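> Give me a 3D structure for the following:
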Amino acid sequence: MKTSKLVILVLLGAVAIAAGALGFRQYSKNSTGRAAASSSGESSTQPASSEKQTPADVRIRAGESKIKLAPDRPDGYNLLASAYMQKARETGDYGVNAKAMEALEQSFRVAPDNYDALKLHAKVLLTYHRFEEALAEAERAQKQNPEDHDVYGALVDANVELGRYDAAVEAAQRMVDLRPDAAAYSRVAYLRELHGDTEGAVEAMSVALKASDPRDPEAVTWARVQFGHALASLGKRAEAEREYDTALRVLPGYGAALTSKADARAAAGDYDGAVEIYKQLDSHDAHLALGDLYARLGRTEDAAREYAAFERAEHEAAAQENDLGHLARFWADRGQNLDEASEIMRRERVRRADIYTCDTLAWVLYKKGDLAAARQSIDEALRLGTRDAKINYHAGMIYQALGDARRAARHLKLALEINPSFDVLQAEAARRALDSLNV
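Next up, the predicted model:
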């Protein structure tokens with residue numbers, strides 16, 4: 001069943017090339033991983049009144065004005081929620097999504113179960129990692145309007161995050177059937193990447209970029225960053241970095257582009273350059289990345305400061321996001337708090353079965369010395385054939401500990417083949433482990 005659905009998605013590529021040339025409209029999308037895209041589903045057609053205003057700022061003002069004119073209608077609140085979600089993407093400050101939630105509460109107050117608010121609510125729930133709730137909300141919206149392609153985007157994203165990949169493929173196929181636009185093809189790209197088809201992912205993301213609405217610079221910029229990620233997954237890191245540079249020329253300070261540019265500098269060995277870029281960001285990932293970079297540069301006090309900031313931020317966010325998986329992985333990398341990390345990931349694995357949750361659980365179990373359970377979990381993480389360097393690194397280390405040198409070497413070689421600089425600290429550990437195997 002899975003294979004036939006994937007064949008359908010692969011065959012869409014030929015159609016997509018022609019479709020992209022026609023310039024379909026923009027799109028919207030989320031996820032914790034790379035699958036997260038513009039969530040608004042609405043174009044930003046108004047020009048900014050000043051150079052300091054971003055497209056999201058313009059839409060925020062428009063939403064506020066609409067609310068003043070018609071406070072008893074949901075339209076203004078929905079526009080405001082969508083604009084705040086766009087602002088979060090522009091800045092990389094996803095705390096802004098709390099304002100989107102507040103706007104949606106007002107929308108539901110004046111018009112319970114209104115369709116646009118249901119769709120937006122599903123998308124913002126995804127940003128809080130409340131995946132089961134997001135799926136339920138998207139399904140409610142789908143029942144109201146099963147012919148709206150946009151609602152299937154949230155269904156794809158929620159099912160991906162929950163590890164229900166067959167359901168995600170079905171939703172993506174339906175989305176493409178209804179409207180083969182940038183929103184649909186960016187999701188096709190991510191599903192292809194998850195299933196190990198990196199060339200197909202680049203092809204589909206190229207179509208998504210061409211199909212992005214030029215009237216919405218944030219959506220185009222997001223698509224360009226994702227296209228860069230797809231290129232990087234093929235080892236075309238210089239080309240990927242050029243995409244990030246182009247994105248930053250369109251929207252200077254765009255959070256996703258800055259993060260990707262910093263990652264590219266680090267992968268190229270320009271650690272000082274990466275530090276300077278990351279210092280422009282105030283996010284959990286930026287604190288962690290700075291900690292790793294400072295550790296690599298021997299700046300231990302600076303590294304400790306950034307790691308502490310990362311841990312604080314993760315704990316503070318956990319109340320809203322109900323997700324400490326990132327912190328558990330951080331502890332596992334450092335061999336710290338392994339009992340707590342294990343409890344976190346075992347609970348998370350009950351909640352979701354995506355490959356990244358399985359990978360993190362496997363890594364924690366490996367660090368605790370529970371190799372049989374680690375093997376079971378890493379095999380689940382490898383089940384789609386995803387070409388992910390860290391997953392393969394973890395698999396290599398687990399199989400080395402199990403005494404399976406041949407399989408360990410295969411995964412370690414693959415990790416370094418996919419990305420020789422996949423992690424500022426762990427890539428060197430992978431090389432040392434591979435050298436020690438003599439296979």
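> CA only for contacts and neighbour counts going forward, please
Will do.
> does residue 414 really touch residue 389, like I thought?
Yes. Counting by Cα atoms under 8 Å, residue 414 does reach residue 389; the two are 7.1 Å apart.
> Looking at those two, which is more packed in?
Regarding residue 414 and residue 389, a neighbour count based on other Cα atoms under 10 Å identifies residue 389 as having more, with 24 against 19.
> Verify the stated contact: that one with residue 422.
Yes. The pair residue 389 and residue 422 qualifies as a contact (Cα under 8 Å) at a distance of 6.3 Å.
> Which neighbours do the two have in common?
Residues touching both residue 389 and residue 422 (Cα atoms under 8 Å, 6 or more residues apart in numbering): 415, 416.
> how about the helices in the stretch 51-200 of the chain?
The residue ranges that make up the helices of the stretch 51-200 of the chain, judged by DSSP state H, counting those that start in this stretch, are 55-69, 75-91, 97-110, 115-127, 131-144, 149-162, 165-178, 182-194, 198-211.
> who touches the second one?
Residues outside helix 75-91 that contact it (Cα under 8 Å, 6+ apart): 38-40, 56-57, 59-60, 62-67, 70, 94-97, 99-104, 106-107, 116-117, 120, 124, 218, 253-256.
> Then the third one?
Outside of helix 97-110, the residues that reach it under the criterion Cα under 8 Å, 6+ apart are 72-75, 77-78, 80-85, 88, 114, 117, 120-121, 124, 127.
> For the chain, give me the ranges with low pLDDT.
Flagging of the chain using pLDDT under 70 yields the residue ranges 1-51.
> could you redo the last one with a cut-off of 80?
Filtered on pLDDT under 80, the chain yields the residue ranges 1-52, 92, 319-322, 439.
> What is the distance between stretch 361-381 and the centre of its chain?
Relative to its parent chain, stretch 361-381 has a centroid offset of 24 Å by Cα atoms, centre = their mean, to the nearest Å.
> can you give me the end-to-end distance of it?
End-to-end span of stretch 361-381 (Cα to Cα, to the nearest Å): 9 Å.
> Tell me who's in contact with the residue nearest to residue 125 when sequence neighbours are not counted.
In space, residue 125 comes closest to residue 134 once its chain neighbours are excluded; the distance is 5.3 Å by Cα to Cα, 6 or more residues apart in numbering. Listed by Cα under 8 Å, 6+ apart, the contact set of residue 134 reads 121, 122, 123, 124, 125, 126, 154, 158.
> And residue 386, by the same measure?
The contact partners of residue 386, by Cα under 8 Å, 6+ apart, come to 193, 194, 195, 196, 197.
> Make JSON lines out of these and add distance to residue 309.
Shown next, in JSON lines, are those (distance: Cα to Cα, whole Å):
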{"residue": "193", "distance to residue 309": "32"}
{"residue": "194", "distance to residue 309": "31"}
{"residue": "195", "distance to residue 309": "35"}
{"residue": "196", "distance to residue 309": "35"}
{"residue": "197", "distance to residue 309": "37"}
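> Which pair of those residues spans the longest distance?
194 and 197 (7.4 Å; Cα to Cα).
> how far away is residue 129 from residue 289?
Computed as Cα to Cα, the residue 129 to residue 289 distance reads 21 Å.
> Not counting sequence-adjacent ones, nearest residue to residue 360?
If the residues on either side of it in the chain are set aside, residue 360 comes closest to residue 329, at 5.8 Å by Cα to Cα, 6+ apart.
> Over to residue 67?
Nearest non-adjacent residue to residue 67, counting by Cα to Cα, 6+ apart: residue 76, 4.7 Å away.
> and of the contacts of residue 134, the nearest to residue 304?
Of these, the one sitting nearest to residue 304 (Cα to Cα) turns out to be residue 126, at 30.8 Å.
> So what's the residue count around the closest one?
Residue 126 sits with 25 neighbouring residues when counted by other Cα under 10 Å.
> So the spatially closest residue to it that is not a sequence neighbour versus residue 121, what's the distance?
Leaving aside its chain neighbours, residue 126 sits nearest to residue 134 (5.9 Å; criterion: Cα to Cα, 6+ apart). Residue 134 sits 7 Å away from residue 121 when distances are taken as Cα to Cα.
> Show me what the strand or helix carrying residue 306 is packed up against.
Using DSSP states H and E, residue 306 sits within helix 300-321. Counting contacts by 3 or more Cα pairs under 8 Å, 6 or more residues apart in numbering; DSSP states H and E, helix 300-321 is packed against helix 284-296, helix 325-334.
> so of those helices, which one's packed in deepest?
helix 284-296 (a mean of 22; mean count of other Cα atoms under 10 Å).
> and stretch 168-188, how far apart are its ends?
Taking Cα to Cα, the span from the opening residue of stretch 168-188 to its closing residue is 10 Å.
> Not counting its own residues, what contacts stretch 274-284?
Residues from elsewhere that reach stretch 274-284 (Cα under 8 Å, 6+ apart): 92-93, 255, 258-259, 261-266, 286, 289-290, 293, 309-310, 313-314.
> For ChimeraX, write the selection for the buried entries among the contacts of helix 75-91.
The ChimeraX selection below is limited to those of the contacts of helix 75-91 classed as buried (16 or more other Cα atoms under 10 Å):
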select :38,39,40,56,57,59,60,62,63,66,67,94,96,97,99,100,101,103,104,106,107,116,117,120,124,218,253,254,255,256
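> got the buried residues for stretch 237-246?
Residues 237, 240, 241, 242, 243, 244, 245 are the ones in stretch 237-246 that count as buried (16+ other Cα under 10 Å).
> Could you check how far the second one is from residue 220?
In other words, residue 240. 15 Å.
> Then the fourth one?
Using Cα to Cα, we find residue 242 at a distance of 15 Å from residue 220.
> Likewise for the fifth one?
Distance check for residue 243 against residue 220: by Cα to Cα, it reads 11 Å.
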